[in-house]
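1. have a look at this fold, sequence not included:
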């Protein structure tokens, strides 16, 4: 059984989808802990499913490196097989990425390598493209630059706003993430170092 730690910053819609998938006896992975960089609303999903949580507030640390060291200490308590960044809006320090590589995956609301960074949906709209997408990647020390594990195209519709487009991307992200976790757990997808 693959054990997962999930790191969030916000409402945790991907986290919720993972928790629901993992609640089925035939799903080959379990979330063992959920962490956040702030008092994130998504922590309530973990509590609802009886999953332990931890919070490492970014602003309480003198540097990103020190914050990352504390996140790693918390993760090490649970020894997860895989770390899922699910809307974590902070870059993990390179030392943390190196420590767990290649066992960190992330979702992104764009068809990478198009529109990396924190504003992928907004950037796609600003570029005037007719389609964007959703991706699941292995985290490396760049910004949304790691190996792509799964992705799917999503059309940009006339009149789309950042909100409406993102709302159409989210279900695809969730489906891709659950599929990637399942494939890693069953050995159909191997994360190469």
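-> Perfect, thanks for sending it. Because the structure is a prediction, the values reported are computed rather than measured.
2. contact partners for residue 71?
-> Residues in contact with residue 71 (CB atoms under 8 Å, 6 or more residues apart in numbering) are 7, 35, 37, 56, 92, 96. Quick note: C-beta positions are derived from backbone N, CA and C, even for glycine.
3. hmm, try it at 10 Å
-> Contacts for residue 71 (CB atoms under 10 Å, 6 or more residues apart in numbering) come out as 5, 7, 35-37, 54, 56, 58, 61, 83, 88, 90, 92-93, 96.
4. check residue 150 too.
-> 105, 107, 134-137, 172-173, 175-177, 179-180, 183, 189.
5. got a quick ChimeraX command for the buried subset of the contacts of residue 71?
-> Applying 16 or more other CB atoms under 10 Å to the contacts of residue 71, the buried members can be selected in ChimeraX as follows:
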select :5,7,35,36,37,54,56,58,61,83,88,90,92,93,96
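6. show me which residues of stretch 163-180 are buried.
-> Applying 16+ other CB under 10 Å to stretch 163-180 flags 165-166, 168-170, 172-180 as buried.
7. ignore the last one, stretch 91-110
-> For stretch 91-110, the neighbour count (16+ other CB under 10 Å) marks 91-93, 96-97, 99-110 as buried.
8. just the residues you listed: which are in helices?
-> 96, 97, 99, 100 (DSSP state H).
9. give me the nearest residue to the third one, chain neighbours excluded.
-> This means residue 99. With sequence-adjacent residues excluded and distances taken as CB to CB, 6 or more residues apart in numbering, residue 99 is closest to residue 72, at 6.1 Å.
10. again with the last one
-> Take residue 100 and drop its neighbours on the chain: the residue closest to it by CB to CB, 6+ apart is residue 83, 5.8 Å away.
11. looks like residue 12 contacts residue 40 (just checking).
-> Yes. Contact status for residue 12 versus residue 40: in contact at 6.7 Å, counting by CB atoms under 10 Å.
12. between these two, which contacts overlap?
-> Going by CB under 10 Å, 6+ apart, residues that sit against residue 12 and also against residue 40 are 34, 46, 87.
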